[in-house]
Each structure stands twice: as structure tokens, then as C-alpha cells.
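1. below: sequence and its predicted model.
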Amino acid sequence: MTRPATPSHPLDNPARESLLGAHAHLAERRGDVLRYPVDVSPFISLPPEPGPADWADVAALAGPGGLVPLSVVISPPPPEWEVVANVPGVQLTGERVAGATDGEAVPLGPADVPEMLDLVGRTRPGPFLPRTIELGGYLGIRRGGALVAMAGERLHPPGWTEISAVCTDAAHRGRGLATRLVLAVAAGVRARGETPFLHASAANTGAIRLYESLGFRLRRTTEFRSVRVRAGLLVSSGERLMRRAT
């Protein structure tokens, strides 16, 4: 079967573009399905128009009962799958964002991961796992030695870098730390000749207003969809899907 043409813009399917490019060294593949290691990122990327064999490969990669966050909205999954979450979101791009370095923003490394995971657990900015730091550079701001705010890089489609994991401890909000970190990360992106972009839940209007005030503009609306093999079909779903493909 001939696959549809690659999306016309790298941000149409940024996770797939990243896994085929800058993050190819992290990619786990089964057929035309790509994913990050489970301790790096939860994203699984299907081809633009997946068929039954592709869904069978997803089932094999995810394992029985595995929750699959899809990187882009695609055609509905087969009946053996259930949609667990479907959250409206936005994609914003920063062609007008120059960024600004910040002397108080310090690079974060592997030794900082326990603190980063703790901060993310309290603030819930989105997925951040033990090896997510391998996706790109992260910056943090400390107060009294404690990490109180951070932001960093996630997806890297050609020519673009996603700013992600923007979060601030509740006791330190309202002081502009998130703004400073977003601009500092953006400055690093710009220094490489790339353009920053980011995603946000459509319901997170406060964050969207902040990003727009910094110069980010809406490129498109999207959905954050997660699917899972239906209960009772976990063991045989992959085999059933494969039979339907042959």
C-alpha cells in the first residue's frame, strides 16, 4: 500500500518529524509506528493514515492495557480501541519571539532530575519522566537552593524546537519566573537558528495569554488524544488487528 505524502509542514506531526530526525537515536520502531522509550516520553507516532497493521504494531509496542497518547489527531482507531481522553489544545509558534538570556536561569542536568520530577509532580505541566531531560536543554531557577521553576526543550522537528515543562512552584508564582524561563529557553533555540513553538491545553487560558504576550501566535488548534485497547480484548487485540490487515 502506498503511504500518503509526508505532511507539508514539520509541525503538522512534530513528534514523528523528531523521531525521524533529531531524536532518531531514541526512536523505537515497529513497522511504520515510532515511539520514544517509555521513560523518555509517552508519545507514539502512527503514519498519517494508519491501517489495521499499524494499529496492530501500536498494540504490540504499548503492551496489554497500555495507554497510548497519540502525537497528532488521526482517523478514529479500530473498534478494539477506546478513546480514553480527548482534550482540546492549541499549537503556538514563536516567529516573533527573540528570547532573552537570564543570568539566574541555570542549566539542569541528570543530577537535578529528582528535583525536577518532584516539581513536575506538584505542578503538573505535562509529561515529564526520568529520562525526558535527554530530549533537550532544561533551565531552572532556584530559591534558597531549591528548584522552584523550570522550562526546557522537548520535540525537535526540523528547524523548530518545542518549549515544554514550563512550571513554577505554587509559593513562587506571580513573580514572572515562567516568563523569564520561556524567554531564556527561546534565546537558546534562536541561537541555533531555530524557531520556538509550544503546545497548551485550550482550557489553560492563563498560560495562552502569557505566551501570546511574549509574541507567540496561534498556528492551529489540535487535540491531545489517548487511546487504549478495550478491556477483555487485551491479549488478542494485536492478533485480531493483524488478521484484519491480511
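-> Sure thing, it's come through.
2. care to break this structure down by domain?
-> 10-88+223-245, 92-222 (automatic domain parsing).
3. what about the strands in the protein?
-> In the chain, the strands defined using DSSP state E lie at 28-30, 33-35, 44-45, 67-69, 81-93, 106-108, 138-143, 146-153, 160-168, 195-201, 217-229.
4. before we move on, the earlier item: need the least confident one among the domains of the chain, by mean pLDDT.
-> Note on these: domain 10-88+223-245 shows the lowest mean pLDDT, a mean of 84.
5. and it, how far from the chain's centre?
-> Here the centre of domain 10-88+223-245 is set off from its chain's centre by 14 Å, with CA atoms, centre = their mean, to the nearest Å.
6. for stretch 150-160, same thing?
-> Using CA atoms, centre = their mean, the offset of stretch 150-160 from its chain centre is 9 Å.
7. Leu67 bridge partners, please.
-> Taking DSSP bridges as the rule, Leu67 bridges to Arg228.
8. am I right that it is in contact with Arg228?
-> Yes: under the criterion of CB atoms under 8 Å, Leu67 makes contact with Arg228 at 5.2 Å. Yep, even glycine has a C-beta here, placed from its N, CA and C like the rest.
9. anything in contact with each of the two?
-> Residues touching both Leu67 and Arg228 (CB atoms under 8 Å, 6 or more residues apart in numbering): Val84.
10. and those two? which has more neighbours close in?
-> The neighbour comparison of Leu67 against Arg228 (other CB atoms under 10 Å) goes to Arg228, with 18 against 13.
11. ok, now which ones touch the more buried one?
-> Neighbouring residues of Arg228 by CB under 8 Å, 6+ apart: 62, 65-68, 81-82, 84.
12. just the buried members of those residues?
-> With burial judged by 16 or more other CB atoms under 10 Å, the buried subset of the contacts of Arg228 is 62, 66, 68, 81.
13. okay, those residues in TSV with distance to Glu95 next?
-> Shown next, in TSV, are the buried ones among the contacts of Arg228 (distance: CB to CB, whole Å):
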residue	distance to Glu95
Ala62	36
Gly66	37
Val68	32
Trp81	37
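14. and the residues you listed, which is closest to Glu194?
-> Comparing those against Glu194 with CB to CB places Val68 closest, at 28.6 Å.
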